Structure formats: structure tokens, C-alpha cells
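Participant: Sequence and predicted structure are below.
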Amino acid sequence: MALMTVRREVTTALRILLLGFGNVGRAFCEIVEEKAPLLRDLFGVEGRFVGIATRSRGCVSDPGGIDIGALLKKESSTGRLGPAPSRGGRDAPSAAEMVREMDYDLLVVCTSTTIQSPEEPKSFICGGLQRGKDVITSNKGPLFLGYREIRDFAAAREAIFLFEAAVMGGTPFFSFTRHCLTGSEVLSCEGVMNTTSNYVLDLMVAGASFDDALLDARRKGYAEADPTFDLEGWDSAVKASIIAQVLMGAPPVPLEDIEVQGINQIKTRLLLEAAHSGGALRLVSRVEKGKDGVAITVRPEVLSPSNPLSRVHGATNGVLFLTDTLGEIFVAGGGIGPRHTAFSLLRDLIEVACSRKGGREC
Ligand code: HSE
């Protein structure tokens, strides 16, 4: 069903500083351009990129708005966004300087995630929040390290901090709980949260070897730089820990304190038996509220056909919530391609824009 378009008379520019111009950052620029008419007509907002920073391909800024089409052409012909570092004169400002010094309204942190070193993206996020800027991110590292600290830091500065794209790409999750489960208590949440593992399992059922399936998942860009992080269950554990912190107020936990088993030792015979019974073997992350706090586990499980998670296939994610008000709620789909993840960032951008305008349209 198409939303009724209400043409807004007044359009406000939302000046965006983007950190990271990998697949997701690029897709985010493209989707903001593509959705410009909708942003303008439905929400009265013009997303304007005033700065883009990368770690090794330079930084660009233009207070009047960067021409994204021209930038993409320049990048494909020179491999860079900004000028190469000079030997003598003053170099272009770094990402950290741009965060500290530029005029912008929304900081988008799309840098690549490394759970081992979440301090740098956290410093970018807090650098923006410190100045009262709204921040959205696709980077799960800082959330895993300590969600509540960042949330409180943002609240103290009356800034908005959103992270829909950080967990399960395009699958509606935090926005869903914030808007559709408001007033409910989430008692438990179990899900297929790692796409790489799910994709590999499905290809193995279809006859591929583990190695070939993984190669395909890597080619498609689903896997982390180190795919053992996906296959041994650590990525699922990180996501489950973030969910426990955000939805259940759990403290951050070190990875080694989470009970984790991945799919790296799975035998094809087990997968086929599960499939022949009408169900499926899935890598399930479980987050449960109990008397002694929140319990998190990650392990492969044979699911019966009646479990909706058994129908989460390929490069998608799915989550089954148990709530105190509605019982079970199942959300699935979305996937983690760059465009899906960029769409989650767009969703956060719209929420920031609406909130700044008084929140009526969200
Ligand atoms: N490697 C992750 C996955 C990417 O396969 O789900 C998204 O976090």
C-alpha cells in the first residue's frame, strides 16, 4: 500500500557527516539520493552530505552539499575521495577532526566493525554526541562494549543515538521493539542472527561442501573479515549481548563468558535429517530473562517445522520474541546486503528528522 504523499511546504536541510565509505556507506549515499523525493514530500527533509571521511581513501567536505554522483566517479577513476596526503603542507582534516570541528546535524558512523577494537568508532560516536549532534551507526562494536554508557551519554546531551543497522542488517529489530512493542516486556528473544552461517547451512542442504558454501558467502560479502567469527558463533553472541543490553538492561559481558557453539563442526548428515523431517538445523541465539539476570546462549539446534525460525532461509535473519502482553511475535526478512543495511540507516535518519520536527510523522 503506498503511503499518501503530503507535499510539505517547508523543507529543512539535514546536514550529514558520514564516516566510512565502504559498501554500506556507499549504499547509504545512494539510498538517500534515491529517496530524496520521499524525504522531501513526506517528511520535509533534505539529506545533504556535507562531509565524508574514510580511513585510507581521503576525506571530502562541502558545506553546500557533496555531489555524490561526481564523488563516485572520482573514486572509481582515482581510488580516492579526497586528495592524497601531502608531504609538506596541511593535510585534509581527519575523521576525528571533522567530527569535532565541522558544522553538521547528523553523524553517521559506518566504519567497519572490529569487535577487537571498538574504541575508535566509540570515540567518533561520543565525539558527535558530546557536541549535541544526533548519531546513527551500523557499527556493532561500541554497542557490544557498553550500550548503556553511550545511551546515557547521549541522553545527558539531549542527542539521539540510534543503531538499527548494527544488528541483523535490514531486519526490523530495534525500531520494531521501540514502536510496535512499546509497553510490552520482552521476556525472551531467540533468533537466527548470523546470515553467513544460515546461508552456509542452506547451501550444504542443497549439496554444496562446507568450504564451497563459505566461499560463496564470502564472495557475496556476508562474512566478517575473519569468517571464523561468523561460523564459530561469536558474531551471533555479540548481537545477542547487544540485544540483552538494549532490551533487558543486562550489563555488557565479555565474549568468553557467553556459552557459544558454532556450525563449524556440523555434519551434512545432521542437516539432511533435519530437512527430511520438515524442519531445519539453525544456529540459534537465545536471550532469556531469568531470576538471576539475563542468560545468553548460541548453539546449532534442530528445529521442528512448527518453529518459525526453521523457515528462516539463506541470507535472511529472523527473531521470535516472547512478550508479556502479546505472547509470541515473529519478525523475519530483510537480510544483510549493503542496501538492506543502508535502508536501516535511512530508517534511523527519518526517525531523527521526525523527532527534530516534533515527532508527529513517525
Ligand atoms: N557477518 C555478519 C553476518 C554480518 O553474517 O550476519 C552482519 O552482522
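Facilitator: Looks like it came in fine.

Participant: near the ligand, anything from stretch 172-181?
Facilitator: No - taking Cβ under 6 Å from any ligand atom as the criterion, stretch 172-181 and the ligand are apart, separated by no less than 11.7 Å. Yep, even glycine has a C-beta here, placed from its N, CA and C like the rest.

Participant: Give me the mean pLDDT for that stretch.
Facilitator: Per-residue pLDDT values across stretch 172-181 average out to 96.

Participant: what does stretch 296-316 give?
Facilitator: Confidence over stretch 296-316 (mean pLDDT, whole number) is 96.

Participant: Counting neighbours, which bits of that stretch end up buried?
Facilitator: Buried residues in stretch 296-316, counting neighbours by 16 or more other Cβ atoms under 10 Å, are found at 296-303, 307, 309-313, 315-316.

Participant: Now, the residues you listed that are in strands?
Facilitator: Counting by DSSP state E, those place 296-303 in strands.

Participant: Give the other helices and strands that the helix or strand hosting Asp212 contacts.
Facilitator: In this structure, Asp212 is located in helix 210-219 according to DSSP states H and E. Helices and strands in packing contact with helix 210-219 are listed as helix 195-205; criterion 3 or more Cβ pairs under 8 Å, 6 or more residues apart in numbering; DSSP states H and E.

Participant: Direction-wise, compare the helix it packs on with helix 210-219 and give the angle.
Facilitator: 140 degrees (axes from the mean of the first three to the mean of the last three Cα atoms, to 10 degrees).

Participant: starting at the chain centroid, how far to helix 195-205?
Facilitator: For helix 195-205, the distance from its own C-alpha centre to the chain's C-alpha centre is 20 Å (Cα atoms, centre = their mean, to the nearest Å).

Participant: Can you list the helices and strands that it packs against?
Facilitator: By 3+ Cβ pairs under 8 Å, 6+ apart, helix 195-205 packs against helix 210-219, helix 228-231, helix 268-276, strand 280-290.

Participant: What mean pLDDT does the helix ranked longest in the chain get?
Facilitator: Once the chain is assigned using DSSP state H, the helix that runs over the most residues is helix 338-356. Along helix 338-356, the predicted confidence averages to a pLDDT of 94.
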